[in-house]
Every structure is written in structure tokens, then in C-alpha cells.
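>>> how would this look folded up:
(chains A and B)
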Amino acid sequence: MLQRIKDIDFLGLSLWIFRTAIIVLIAWGTIATLIENPYPAHTWMETIVSGIAQGSLYALIAIGYTLVYGVLFMINFAHGEFFMSGIMTATVFLAQPMHESGFLNQHPVISILLITIVTILVSVGIALLTERVAYRPLRTAPRLVPLITAIGASFFWQYFFRGLYGSKVKPFPQFEALVGKVSFGGIEILKVHLVVIVAAILMLIGLYIFIMKTKVGKSIRAVAENKDVAALMGINVDRAVAITFAMGSAMAGIAGVLYALVFRQVHFYMGFIPGIKAFTAAVLGGIGSIPGAAIGGLLLGLFESIGPGLFLEGVGIPSPHQMKDVIAFTMLVLVLIFRPQGIVGERLPEKKA
Amino acid sequence: MSKRSIIIFGLLVIASMALSACGGAKYECDDPIGCVTYGPDEPVRIASALVISGPNTELGLDSQWGVEIAMDFQEELLGHEIELQAEDEMCTAEGGQAAGQKIVSDPTILAIIGTSCSGAGVPMSEVVSEAGYAMISPSNTAPSLTNPEEAWNPGYLRTAHNDKVQGKAMAEFALNELGVTTAAAIHDGDPYTEGLARVFADSFEEMGGTIVEFTAVNKGDTDMRPVLSAVAAAGPPEFLYYPVFTAEGAFLTKQAKEVTGLEDTILAAADGMISDAAADAIGDAGAGMYFSGPDLSYSGDLYDNFLSTYVEKYGSDPTSVFHAHAFDGTRMIFSCVEEIAVQDNDGTIHIGRKALRDCLYATSDFTGITGSLTCNEYGDCADAKISVSQLQDGEYVKVWP
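This is a model prediction of the structure:
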């Protein structure tokens, strides 16, 4: 016993104090809030649903990070820009003109399909171009090199689209069919939130099946396992990597459409923060794992949404909603301390970690 | 060499030194901070530090164009061309710090127009002040920046109004004109938005109203429903004031209508959201919403001339609010340079940095587009006129006073 206490070093001790402090803080805040109960039930419901909707968006974007990391072990920081590029283009060239001519609300289903198709095409196009020009030539370079390149690519696309469409915030038209709420056994949900949540779940399931059950998915998994051996087995590695980028950016494109439906405005800078949050979500869930990205995204959205009202309000912090990002990144730190591999991630061999 | 020739040579040397000393009576700088000297062919250099990237680009570019037009109108300063070094303060504290440091590392820069955002202005004014430079902000409105007990630093001035005036005007409008009794305010942590929201809340309570919630969001947030739900649960207030920037403000506007309890709340924002871009971004959701801001109904030949140059040069109507303030600030600098610069025969000019500061602070009844500017000892120079406008069919229509 004495020996064990002696073995605890300074770092271990401070980490232990840090963990305990955070847990005590969260528990104290939560209990204080629940006792005081400042919000009626419907406020909590609204907050939770909006958190799940936001989390679904994070999950869809996080997929792109996780897929690319799984295959190339690189963090593609330009991913937020793939998310932005598609929906910006579709808003400027499709949604706004269709809204002005009245077509949008006469044929909402056709409009949304058109918008989605264009968004996906542009997002995937930008992703493949970036992969071909900026990432593929560096595939054998040290891992820091593609990381820096990705940050450069992110800035490049941001300001490319600013040059193309201007720096104004662009409104995305309202679909009249999506105005209002639906009731589920007493719980009122905004229609648009319902669409986002359902669409995100369908997409995630679809993607999972694609990766696990199809031949192409198998080739991606093989490349993720070992590029050289996969190449020896006759798998076209370049093609598998390109498909991975295409799948990830298609998900980001769909997330862009859903984002536009919920928030109704787009901007050349809109990809930056969701990109960082989604990266956090991917790490939270366990980078490299698809269910991990989904779970990480949902949890992050949910905690960001209810966290300020639940923990921070109780601790007595003024203006708690300002601290939303603190919650997101504290979660990241906590997960990295308690479970460095992420919530559902597997312990990676030295080479991948 | 003989002894005689050495003496002659020595005499020649002494004579030539004496002659040269007489010929070019060397200017001696006696300014306590130091002087900036521009040789005969060197341009006078000023810097701008405005937000010209990121989500608030419109705000900063508009001001930068105001500076450029002031330079075009001036053409030359005591025979020197004028050169602008445009820096980006990114609307963040870090950006302001970095831009300030970059500028003060260049001794040929005379004065600065900046910053756009009060949040960047606080650290930058510290850097700039310490280095002895002078800066005039066209759009910092946070009260703390000209309060010597808070963030004021010597050398800092502004042509924008102080939000003490704006927040109070909005509270008056809400209480007396709209007749509401409960209100809530949301800021985004930026000194500009926080200061304005704070002044509004304080004035509103002083005049007999009730503030049910005073809270904040974060820059870059998109999902405002949690904070709006909290506001609704606390009141719900009759009047909601969120003096934030375009992106966050548009999100708040659109989502407020979808939160239970806020359906009938009157929404209001401030000058950070008065621009064509903001009106576009808010769209139909903002119909009937109120905005406080500087009264922009300028008139006179100078403004007409300015406006036609702006449209011709940049191909659009002014994209934000503070172009005229930037224009006036730049002209204040030029007018002081003309007043205090010491000019040599060959055209070289010397400008004392302390003298420039003193001259700027002494500005009184300076005729600009934004009115007649008189600076106080802490650099508040604006001829502040605040009005409230309402968004009707995508246009800002002045409704008060």
C-alpha cells in the first residue's frame, strides 16, 4: 500500500486532482440547477432536441474526418471547407434564384433534390481536386507535411469562395413546408429538426452498410489496414483513397444542406467552426471509427446545448451560454485523459496512433 | 607633403565643415516622443488596421475604402504622396495585438486608422500608445476605450460615437416610444457588444424598466435556441436587444421566432447589423425589427462627392456604417500634419509624434461628413447623433427621433 502511494508521481497526482475537480464541478452544478429548477420542462425539451439536431450535423461532418484518418492517418483540416463549398454554390446558383421565381415553394421536393445533388457534386469535386493536387503528391511525406498542407488548403478554399461569391452572409430561403412544429406524444419538435435528425440517421446507416458490406467498402477497409499489402492484392490504392474522400465530402455536402435548412444562412466562413467541432467529435468518439464519429457528434451537440444551462448555471457562472465552446473542448480534454482512444475507439497499434 | 600644404588642407576641411553646417541648418527634433521624417521623394505613410477578412469583412473594408477616398481627395500632403499600409485586425484581440505590433515595428508610419472592432482596439491601443503612435478608430464604440480608468491609452481617439449614448437612446426608445416594461439583452463577449448591452440594461433599469435576463452567446455560434430558451424561461421579455454582429444576429433573429415564449417579443439590434448585407442575411425574419445606430442621414456637397466616388471606385453602395467616420478620421490626421509639420527647403518634412497627438486631441469644430467634430481629452471626437430605424421590406427606415 505504502509502495503504491510512493509510486504516484507529480503528474499522476495532478491529473487525478484535475479529474476529480471537474467531476465535482459538474455534479455540483447539475445538482444545484436541478434543485433550483429555473427552466420549465418544455425549455429542456427544446434544448435537447436542438442539441440532437446540431449533433447530427457534427456527426455527418465528423464522418469525413474519421474516414480520411482511417485510411491515410492524416487530419484533413480542409474538410470544413468541403462542407461550405457545396452549399454556398447551391445557394447562390439554385436556392436563391428558385426562391425569387417562386419555384422553390411550389415544388419543394424537386427543389431540395436539385439543391442536394448540386451541393454533393460541388463538395465532392472540391474534395477530389484537393486530394489530387494537395494530398496525393505528399502521401509518402512525413505526417506533419500533409497536416500543414491541409490547413493551407482550408484557407485557400475559404478565400477562393469569398472571392467567388463575396463576403456577405447569404440568406438561404425558407421552405414553407418545413415551418412549424410537429407533436410526438406531447413533445413538440420543429419540423426542420425532425428532417435533420432523420436524414442524418439514414445517411449514417447507409454509409455504414456501404463500408461494411460492399466490395468497394471492403477495398477501403483493406487500404486502411495496410496500403502496401492492399496494393499487392490488386486493390487500386489511389482509387480507394479517392472514394474515401468522395464519401466523406458527400456526407459533408449533405450536412451543408441540412445546416442551410436549419440555420437559413450561409457564409464563406461557415465551415471553419463546425469543422473544428466535428474534428473534436471524431476524436471524442474515437477517430477512425464510423460509429464513433456518430456517437461523438451527437454527444458533443447534446452537451453543448444542455451543458450551459445544466452545469454552468448551477455553479453560478453568469452568461453561461457564452461558455458553450469551453464545454466542447473540456469534453475533449476529459476524453483524452480518461480514454485516449475515444469513446468507442479501439486501442491502436503504435503505427496508427 | 610639405607642412604648408597640410595647413591649407586642414583649413579647407574646417571651412567646408563650417559651410555645410551653415548651408543646411539641420532640423533638431525636440519632440518628447520623437519625430517622423520623410525625405523629398518619400511618401507620407499611414496605416489602417481594420477587419478585412473573416465574417466581418464588410465592416472593415467599408471603412478602409473611406480612408482611401480621403487619400484620393487629399491627393498630396505638403508635396508628398500618401501611402496606405492596410493591416487586418481580424476583429479579435489577438488580431489587434498582432496588427499593432506589426505597425509599430515600422518607424515610417505616422498614424493609424483603426480598429474596426472594439475587441481588437483594446490590446492594439495599448501597443500603439506605448510606441508613441496615434490611432483614430472609425468604429470602436465601446465605452471603456475612452474611459481612462478602463482601457483608454494616450494617443487613442475615435470618430465613432460612444455607446453610452447609443445604449441610453435605445432604452429611451423602448420605454417611452414602444411602452414596454420588461427587456432582455444578449451580447457576444466582444467589448463593443457587451458595453452596449450593459449600458442599455443599466439605463433601462434606471428609467424604471425591468431587465429579466442579461446573457451572452459566443462569436461563431450558430445554434441560438438554448440561449433563447433560457431568455424565454426567465421572462419572457417584451423587448429583446442583441447588439451583436451580422452572422450571430441573423441567427438570433431567425431562431427567436421559433422559440416558445418569444413569438411576440419585439426584437432589436444595433449598428453592427445595419448594412445591406445584414438586411439580406436577416431576410423576412427581421421584418419590423428595430436598430439603433448613428444617424446616417448625412447631407452636403462633401458627402455627395464622397458617395459618388465610392460607388464609382468600388462598384457598390456603402456596405456598412462607418465609411464616413473613417473618412473624417483620416482627414483629421491630414489637417494636423499640415498644421504641425516642419518643412525643410528641399521638401523634407518632420512631424513630431507628441505634437501630432496634441494637435489631434485639440481638434475642435472640424467639419467632417459626420458633423462637426470636437475631441475631448480622452479622444471622444464624435458629433454623436443616434437614431432608431426599423427594417421594412429590406430597407432601414428611420422611425425615431
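
>>> now residue A:168: how far from residue A:161?
12 Å (C-beta to C-beta, to the nearest Å). Every residue, glycine included, has its C-beta placed from N, CA and C.

>>> and the strand or helix carrying residue A:22, what does it pack onto?
Counting by DSSP states H and E, the element that carries residue A:22 is helix A:10-36. Judged by 3 or more C-beta pairs under 8 Å, 6 or more residues apart in numbering or on different chains; DSSP states H and E, helix A:10-36 is in contact with helix A:313-315, helix A:324-338.

>>> ranges for the helices of the stretch 151-300 of chain A?
Using DSSP state H, counting those that start in this stretch, the helices of the stretch 151-300 of chain A run over A:191-213, A:215-225, A:227-232, A:237-263, A:272-285, A:290-307.

>>> Turn those into CSV, including mean neighbour count, mean pLDDT and distance to chain B.
Below are these laid out as CSV (neighbours: other C-beta atoms under 10 Å in any protein chain shown; pLDDT from 0 to 100; distance: least, C-beta to the nearest C-beta, whole Å):
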stretch, mean neighbour count, mean pLDDT, distance to chain B
helix A:191-213, 17, 92, 9
helix A:215-225, 17, 91, 31
helix A:227-232, 13, 91, 37
helix A:237-263, 24, 93, 5
helix A:272-285, 26, 91, 5
helix A:290-307, 25, 91, 5
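
>>> can you list the ones you listed in CSV and add distance to residue B:275?
CSV is the format used below for those (distance: least, C-beta to C-beta, whole Å):
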stretch, distance to residue B:275
helix A:191-213, 27
helix A:215-225, 46
helix A:227-232, 51
helix A:237-263, 19
helix A:272-285, 21
helix A:290-307, 29
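
>>> Near chain A, which residues of the stretch 151-300 of chain B are found?
Taking C-beta under 8 Å from any C-beta of the partner chain as the criterion, the neighbours of chain A within the stretch 151-300 of chain B are B:187-189, B:214-218, B:220-223, B:225-227, B:229-230, B:232-234, B:246-247, B:250-251, B:254, B:258-260, B:276-278, B:280-285.

>>> picking up where we left off before, identify whichever of the helices and strands packed on helix A:10-36 lies nearest to residue A:173.
Among these, helix A:324-338 comes nearest to residue A:173, with 27.7 Å by C-beta to C-beta.

>>> buried set for the closest one?
For helix A:324-338, the neighbour count (16 or more other C-beta atoms under 10 Å in any protein chain shown) marks A:324, A:325, A:326, A:327, A:328, A:330, A:331, A:332, A:334, A:335 as buried.

>>> Stretch A:120-138 now?
Buried-residue list, stretch A:120-138, by 16+ other C-beta under 10 Å: A:120, A:122-128, A:130-131, A:134-135, A:138.

>>> And stretch B:325-341, by the same measure?
By neighbour count on 16+ other C-beta under 10 Å, the buried set for stretch B:325-341 is B:325-337, B:340-341.

>>> Kindly report the same for stretch B:161-176.
Of the residues in stretch B:161-176, those buried (16+ other C-beta under 10 Å) are B:161-175.

>>> on that earlier part again, model confidence over the helix or strand that comes right after the helix holding residue A:22, on average?
Using DSSP H and E, the next helix or strand after helix A:10-36 towards the C-terminus is helix A:41-72. Mean per-residue pLDDT for helix A:41-72: 90.

>>> which helices and strands does the helix or strand following helix A:41-72 pack with?
Counting by DSSP H and E, the next helix or strand C-terminal to helix A:41-72 is helix A:79-90. Helix A:79-90 sits against helix A:41-72, helix A:108-130, helix A:144-165, helix A:237-263, strand A:265-266, helix A:272-285, with contacts defined as 3+ C-beta pairs under 8 Å, 6+ apart.

>>> Take those and write them to JSON lines, including distance to residue A:308.
Below are these laid out as JSON lines (distance: least, C-beta to C-beta, whole Å):
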{"stretch": "helix A:41-72", "distance to residue A:308": "9"}
{"stretch": "helix A:108-130", "distance to residue A:308": "31"}
{"stretch": "helix A:144-165", "distance to residue A:308": "28"}
{"stretch": "helix A:237-263", "distance to residue A:308": "19"}
{"stretch": "strand A:265-266", "distance to residue A:308": "23"}
{"stretch": "helix A:272-285", "distance to residue A:308": "15"}
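
>>> thinking again about what came up before, can you check which of the helices and strands packed on helix A:10-36 gets nearest to chain B?
helix A:324-338 (5.7 Å; C-beta to the nearest C-beta).

>>> Next, the angle helix A:10-36 makes with the closest one.
Helix A:324-338 and helix A:10-36 are oriented at 130 degrees to each other (axes from the mean of the first three to the mean of the last three C-alpha atoms, to 10 degrees).
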